[in-house]
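In: All I have is the shape, not the residue letters:
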């Protein structure tokens, strides 16, 4: 019951926040669970799909109920939510939202800057000519991945990408084995995926307190791999017994 209440309250927070990235990730969460759950063993996969069906139904009903409850107080409507979401993709000169235009300007400046140093980049902390979002932090851009490509070049970008690919490939290997680690890793990777998606237009990973999104699944995967090695390698048991004797 407490989990259902937490889910409903989270939907209310997402609607009140009005953040497009948060709304997008909320809508994509069932799909991400379905994709990662498809790598589980057949029995566990069936249980996840049944549970996901119930949660998705409650999610849809919960959004409808939340909008009805919030409409008299905050004037939230389905039409307003749709307009707010679609405005983020409106790059015309007549749009009332400045964010798409600012990101369009960043896109042009970063692509031009990357073209000057395509392989090694302009260096971490560099700013693109023609687009500086902050005088205090001129290297910070909402288009984080494009800024990373501009600053580290193609080689650096591929190096960062390789680390993320390893996390997902190793995580999927653990999910395929099933068991408790698989059940715990799916929500961790779903959360990581949501933050990585939102990070495309919001530089969450550019902050020191934001990189936990990467290190949380990394720590869990390392823990799971070490646990498996201890279970299958008799050397670990011998070392443990020797340590106990000492």
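Out: Alright, I've got the coordinates. These numbers come from a predicted model, not from an experiment.

In: Tell me how far residue 136 lies from residue 149.
Out: Counting by CB to CB, to the nearest Å, the separation of residue 136 from residue 149 is 23 Å. All C-beta atoms are positioned from the backbone trio N, CA, C, and that covers glycine.

In: So the two - more neighbours on which side?
Out: Each of residue 136 and residue 149 has its neighbours counted (other CB atoms under 10 Å); residue 149 has more, 21 against 6.

In: Just say helix, strand or coil for that one.
Out: helix (DSSP: H, G, I helix; E, B strand; the rest coil).

In: what does residue 126 give?
Out: coil.

In: Do I have it right that it meets residue 151?
Out: Yes: judged on CB atoms under 8 Å, residue 126 makes contact with residue 151 at a distance of 5.4 Å.

In: where do the contact lists of those two overlap?
Out: When contacts are counted by CB atoms under 8 Å, 6 or more residues apart in numbering, residue 126 and residue 151 have residue 139 as shared neighbours.

In: Low-confidence bits of the protein, can you list those?
Out: Counting by pLDDT under 70, the chain has low-confidence residues at 80, 83-99, 134, 229, 231-246.

In: any idea how far residue 128 is from residue 31?
Out: On the measure of CB to CB, residue 128 and residue 31 end up 34 Å apart.

In: okay, those two: which has more neighbours?
Out: residue 128 (26 against 13).

In: Next, the more buried one: phi, psi?
Out: phi -80, psi 140 (degrees, to the nearest 10).

In: Equivalent analysis for residue 127, please.
Out: phi -120, psi 150.

In: Domain-wise, how is the protein divided?
Out: For the chain, automatic domain parsing gives the domain ranges 1-82, 99-234.

In: most packed of these?
Out: Of all those, domain 99-234 carries the top mean neighbour count, a mean of 16, counting by mean count of other CB atoms under 10 Å.

In: for the residue nearest to residue 26 when sequence neighbours are not counted, what are its contacts?
Out: Among residues not flanking residue 26 along the chain, residue 14 sits closest, at 5.2 Å (CB to CB, 6 or more residues apart in numbering). By CB under 8 Å, 6+ apart, the residues touching residue 14 are 22-23, 26.

In: to the chain's geometric centre, what's the distance from the host helix or strand of residue 14?
Out: Taking DSSP states H and E as the criterion, residue 14 maps to helix 2-17. How far helix 2-17 lies from its chain's middle: 18 Å, per CA atoms, centre = their mean, to the nearest Å.

In: Check stretch 119-132 too.
Out: From the chain centre to the centre of stretch 119-132 is a distance of 24 Å (CA atoms, centre = their mean).

In: what helix or strand is residue 32 on?
Out: Per DSSP H and E: residue 32 is located in helix 20-37.

In: tell me which strands and helices that helix is in contact with?
Out: helix 2-17, helix 42-74, helix 78-87, helix 144-177, helix 180-198 (3 or more CB pairs under 8 Å, 6 or more residues apart in numbering; DSSP states H and E).

In: Looking at these, which is nearest to residue 113?
Out: helix 144-177 (4.8 Å; CB to CB).

In: Helix 20-37 and the closest one, what's the angle between them?
Out: Angle of helix 144-177 versus helix 20-37, following axes from the mean of the first three to the mean of the last three CA atoms, to 10 degrees, is 30 degrees.

In: Packing partners of helix 144-177?
Out: Helix 144-177 sits against helix 20-37, helix 98-116, helix 180-198, helix 212-232, with contacts defined as 3+ CB pairs under 8 Å, 6+ apart.
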